[in-house]
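# Fold the stuff below for me.
(chains A and B)
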There are 2 protein chains.
Amino acid sequence: MAIKNLRSHLSKEAAGRKNSPLKSAFKYYGKDNIIFLGGGLPMADYFPWEKIEASSPAPPFTTPAGIAEKPSVTGNEVKTILEKGPTGKLDIPLARSLQYGHTDGQPELKEFFREHTEIIHHPPYKEWDIILTIGSTEAWDATLRTFCDPNDYVLVEEHAFSSAIETARALNVNFVPVPMDEYGIIPEKMAKILDNWDSSKPLPKILYTVPTGQNPTGSSLSNERRKEIYALACKYDFIIIEDEPYYFLQMGEYSKEQDATKLPVPTHEQFLKSLVKSFLSIDVEGRVVRLDSCSKVLGPGTRLGWIIAQQELLERYVRVHEVTIQSASGFTQSIVNGLLQRWGQDGYIDWLIGLRKEYTIKRDFTIHCLEKYMPDVVSWTPPVAGMFFTVVIDAAKHPDFATKYDSDPKKLETAIYEKAIEKGALMIPGSWFNVPDCELSKTTKFFYRGTYAAVDLPKLDVGIHRFGDAVKDIFKL
Amino acid sequence: MAIKNLRSHLSKEAAGRKNSPLKSAFKYYGKDNIIFLGGGLPMADYFPWEKIEASSPAPPFTTPAGIAEKPSVTGNEVKTILEKGPTGKLDIPLARSLQYGHTDGQPELKEFFREHTEIIHHPPYKEWDIILTIGSTEAWDATLRTFCDPNDYVLVEEHAFSSAIETARALNVNFVPVPMDEYGIIPEKMAKILDNWDSSKPLPKILYTVPTGQNPTGSSLSNERRKEIYALACKYDFIIIEDEPYYFLQMGEYSKEQDATKLPVPTHEQFLKSLVKSFLSIDVEGRVVRLDSCSKVLGPGTRLGWIIAQQELLERYVRVHEVTIQSASGFTQSIVNGLLQRWGQDGYIDWLIGLRKEYTIKRDFTIHCLEKYMPDVVSWTPPVAGMFFTVVIDAAKHPDFATKYDSDPKKLETAIYEKAIEKGALMIPGSWFNVPDCELSKTTKFFYRGTYAAVDLPKLDVGIHRFGDAVKDIFKL
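As a prediction, this is how the structure comes out:
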């Protein structure tokens, strides 16, 4: 089956981007018989770093200390040594990473993530490729510049990460918010929007979604919903932008009885099998653009990620990156590559298993705290993935909702937010994540986004306790 | 004197960019009495780098090996040791640099470049500040997004770096090419363009210029021309974007007699005095945006630079960076900061003096080669700054210009370019740097851009020799 040609989905900006005229000269660069006086590349002799060494923990990560073990304490260490010239055959020498070039990413690191993609997602068509990025925030901006002209329509989850929305709003696109429940986008409601689309307006070109551990709701799409949404993409010819920073934080179903610290360590095969199917993995038509990121699995400050999509679309991303970001940092690429090559694909999966364990412990602990401290007016659905949990409150249950809060759920939402801060706990009001200037599902329910990522267990306990007290205070319970 | 309020120069996109609503919550982040469950920040325990060590050469850089010395050979070493937690008081711990935050740059590194700016430029107003960037390519894109709407007019040098032009062309701005000679922009010609501006069109909002060691011409503006251009900016109310990657490669006037390897080492005071005045240093009205970069002084792959401008304009840059690049790489910021703090401002200036020496040696050698190998039809002006030199040829001097080349200088330009590649040397035809779709100065002269940056002296000799032979061949000399 042939993939779809999606050139017609390009923005005017992206369609009009040209190759550098210098490119025709650069084909002579590095040829033995040509003295190349064409490019302003400083000599590597003048880069003031001769050697860089990095110490990292070594697999397996199923020891009690897990992924947080300190090599200096355990002696279980991976040491990356980088020099200007070649050291190991899988390393990216500093003379290359600190030089201009490779906008699409250094070959060794690209190859590692390509293999990783093959292992995790098996994309079902052959013309896919990857390029490295400086993280998915910029990759989303580049995506908007690649596909959207001003006034184009973009499908988004009705509660969406405010920074991602602001990225798009500033480019003057129109949002089409899609109703959600605690399991993410509701495909039937999405179909209804598209079936009843006003034909005087162009159809949406893209859907932006965080399908796994969604920010802010913590919801995750089931395999079934993903298939239904993909079918809609094919029917209505839009591109799915799946932004998946939390993909590997899949803790699975919550069970009150389980002790996450004692869960059996899965084999790599069991782990891979347990992962939800990505949109990429069912993308027979080449209409998924997947944004992957190192931020939540290795560290946000790496400013490193990658995009997977069909080659022809990626080529347009490279054109915009050539004249904007140029490439990810050379230090980042050499250091991250050095670690991943030493860990190998197996070691990296081991790391991801260890990471999942940490988040499972924290997720479970969080739910225990909610059970312990929240009054009955608060409800929640334990997240199966990601860093976020939400607590839902029905304003209609407040005895003074009509009188004291003018039947406005937002007023009650603010009152609890402020009371919680007074008591020394902060969670973000859900309405802050509403897609702006749009009509959303009407309800008396509202929610707060909390996270178990940023603090340790004792603090989580205190924070949730305080928040529960704030709700009780406001509800006079 | 009060600086100019330049809000009216903002693009619609920049003027409309909003703060994140989450910002009002983040003011509680890190407060002792608040348990902050608001942000999806992974714990630093899960960053798999415990320690990073970097080896760099130590000042002084006036030894025979100069800046290219290897610490492992000389034993003269600066060692940066980075850990997750604080090590030295001037280091940026990995727990911070690998975390989210500090879109405007980590404070220690920002402070270093702020001090450096004070030492080099003494900006003559107090409301200036700096933000860190991922290099000037992206900083220029962010500049265009900050000031230019589609169809706005942008003043540019008539021969300009093609990538910078492509960045702007894709955003659909109109170019106003300003005539140049071997010393850069000709202020009188610029004044004429503005004096005769068609009042039905909006005046240009910005001038984009590479004033020192311009790419591609190698020209540098004198202090006098800078003053005249700045006066025009005040009169016609435009902003000067000075893109200055080559600023510290100021080799000074060429003299046939000097032996650059034996030039006396200047004191730091002498060095600072010898530098040309930047636009920033004469910017009493706060209408200069200076783009600085580590690419040519430390290494392009650092992907690190900084912007200096009045605070109110920088605030708009931070808004766009928050939802695009987020920040420079944490590895880059920790490692570069580690080195610069250990070198200190004095050590860094020492490095810049050493770097200038290297380029002076290469510039002088290049001119010697031109004198040796170029036939009389070729002329040049020795560059006083930067990485590039140009050789100029007058097509009218070719006996068959009218017959064989149809009186078209471009045809002769291509013939020599191709002949040189045949002989094994490559320089870039100057016409490749013409601003597109514009009327430029008419002349029978054309030029090639060469560089002495990328190759060593023996190769420079061979390359220029071959190029000279190509010209002789085509001119039948």
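
# drop to CA atoms for contacts and neighbour counts, all remaining ones
OK.

# Roughly how far does residue A:72 sit from residue A:51?
Using Cα to Cα, to the nearest Å, residue A:72 is found at 20 Å from residue A:51.

# More neighbours: the two, which one.
Counting neighbours by other Cα atoms under 10 Å in any protein chain shown for residue A:72 and for residue A:51 shows that residue A:51 has the greater number, 20 against 13.

# Check the residue lying closest to residue A:128 once chain neighbours are set aside and give its pLDDT.
With Cα to Cα, 6 or more residues apart in numbering or on different chains as the criterion, residue A:128 has its nearest non-adjacent residue at 4.2 Å, and that residue is residue A:310. With respect to pLDDT, residue A:310 scores 98.

# looking at this, residue A:78 is in a strand?
Yes. Judged by DSSP: H, G, I helix; E, B strand; the rest coil, residue A:78 forms part of a strand.

# Burial check on the residue in the stretch 101-250 of chain A positioned nearest to chain B, number of neighbours?
Proximity of the stretch 101-250 of chain A to chain B (Cα to the nearest Cα) peaks at residue A:138, 4.1 Å away. Counted with other Cα under 10 Å, the neighbours of residue A:138 add up to 23.

# I figured it was touching residue B:320, is that so?
No. Using Cα atoms under 8 Å, residue A:138 is not in contact with residue B:320; the gap is 10.3 Å.

# before we move on, back to that, so how many other residues sit close to the residue nearest to residue A:128?
Residues contacting residue A:310 under the criterion other Cα under 10 Å number 23.

# Please state the backbone phi and psi of it?
Backbone geometry at residue A:310, expressed as degrees, to the nearest 10, gives phi -70, psi 150.

# who touches the residue lying closest to residue A:35 once chain neighbours are set aside in this structure?
In space, residue A:35 comes closest to residue B:425 once its chain neighbours are excluded; the distance is 4.7 Å by Cα to Cα, 6+ apart. Contacts of residue B:425 were listed using Cα atoms under 8 Å, 6 or more residues apart in numbering or on different chains, and they are A:34-37, B:463-464, B:466-467.

# What separation is there between the residue of the stretch 1-150 of chain A found nearest chain B and residue A:50?
Nearest to chain B, among the residues of the stretch 1-150 of chain A, is residue A:98, at 3.5 Å (Cα to the nearest Cα). Going from residue A:98 to residue A:50 by Cα to Cα gives 11 Å.

# Also residue A:360?
Note on residue A:360: its distance to residue A:50, by Cα to Cα, is 42 Å.

# What of residue A:156?
In this view, residue A:156 and residue A:50 are 47 Å apart by Cα to Cα.

# more neighbours, these two?
Legend: neighbour count by other Cα under 10 Å for residue A:156 and residue A:50, higher for residue A:50 (24 against 21).

# My read is that the more buried one contacts residue B:68, right?
No. Using Cα under 8 Å, residue A:50 makes no contact with residue B:68, being 9.9 Å away.

# Contact partners for residue A:192?
Contacts of residue A:192 by Cα under 8 Å, 6+ apart: none found.

# Now do the residue positioned nearest the centre of chain A, the pLDDT please.
Central residue of chain A (Cα atoms, centre = their mean): residue A:245, 2.2 Å from the mean position. For residue A:245, the pLDDT comes out at 97.

# wait, isn't it in contact with residue A:290?
No. The pair residue A:245 / residue A:290 is not scored as a contact, 10.2 Å apart, by Cα under 8 Å.

# Is residue A:130 part of a helix or strand, or is it coil?
strand.

# so what's the closest residue to it other than its chain neighbours bridging to?
Nearest residue to residue A:130, sequence neighbours excluded (Cα to Cα, 6+ apart): residue A:308, at 4.5 Å. In this entry, residue A:308 is beta-bridged to residue A:130, residue A:290, by DSSP bridges.

# What are the buried residues along the least confident helix or strand in chain A by mean pLDDT?
Across the helices and strands of chain A, mean pLDDT, DSSP states H and E gives its lowest value to helix A:23-26, namely a mean of 84. Buried positions in helix A:23-26, judged by neighbour count with 16 or more other Cα atoms under 10 Å in any protein chain shown: A:25-26.

# Packing partners of the very next helix or strand once past that helix?
Counting by DSSP states H and E, the next helix or strand C-terminal to helix A:23-26 is strand A:35-36. The helices and strands touching strand A:35-36, judged by 3 or more Cα pairs under 8 Å, 6 or more residues apart in numbering or on different chains; DSSP states H and E, are strand B:425-426, helix B:457-475.

# rerun at 10 Å
helix B:409-423, strand B:425-426, helix B:457-475 (3 or more Cα pairs under 10 Å, 6 or more residues apart in numbering or on different chains; DSSP states H and E).

# Determine whether any part of the helix or strand just after it lies close to chain B.
Later in the chain than strand A:35-36, the nearest helix or strand by DSSP H and E is strand A:51-57. Yes. With Cα under 10 Å from any Cα of the partner chain as the measure, strand A:51-57 is seen reaching chain B through A:51-57.

# Quick check on those residues: which are buried?
Neighbour counting with 16+ other Cα under 10 Å marks A:51-57 as buried within the residues of strand A:51-57 next to chain B.

# what mean pLDDT does the longest helix seen in chain A have?
Secondary structure of chain A per DSSP state H: the longest helix is helix A:330-373. Helix A:330-373 carries an average pLDDT of 97.

# what angle separates it from helix A:457-475?
Orientation note: helix A:330-373 sits at an angle of 50 degrees relative to helix A:457-475 (axes from the mean of the first three to the mean of the last three Cα atoms, to 10 degrees).

# Just confirm yes or no for helix A:330-373 near chain B.
Yes. Counting by Cα under 10 Å from any Cα, chain B has neighbours in helix A:330-373: A:330-333, A:335-336, A:339, A:351, A:354-355, A:358.

# same check, this time on stretch A:80-95
Yes. Contact of stretch A:80-95 with chain B (Cα under 10 Å from any Cα) involves A:80-83, A:94-95.

# In CSV: these, plus pLDDT, neighbour count and secondary structure.
Output for the residues of stretch A:80-95 next to chain B, formatted as CSV (pLDDT from 0 to 100; neighbours: other Cα atoms under 10 Å in any protein chain shown; DSSP: H, G, I helix; E, B strand; the rest coil):
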residue, pLDDT, neighbour count, secondary structure
A:80, 97, 22, strand
A:81, 97, 21, strand
A:82, 97, 25, strand
A:83, 97, 20, strand
A:94, 98, 26, helix
A:95, 97, 23, helix
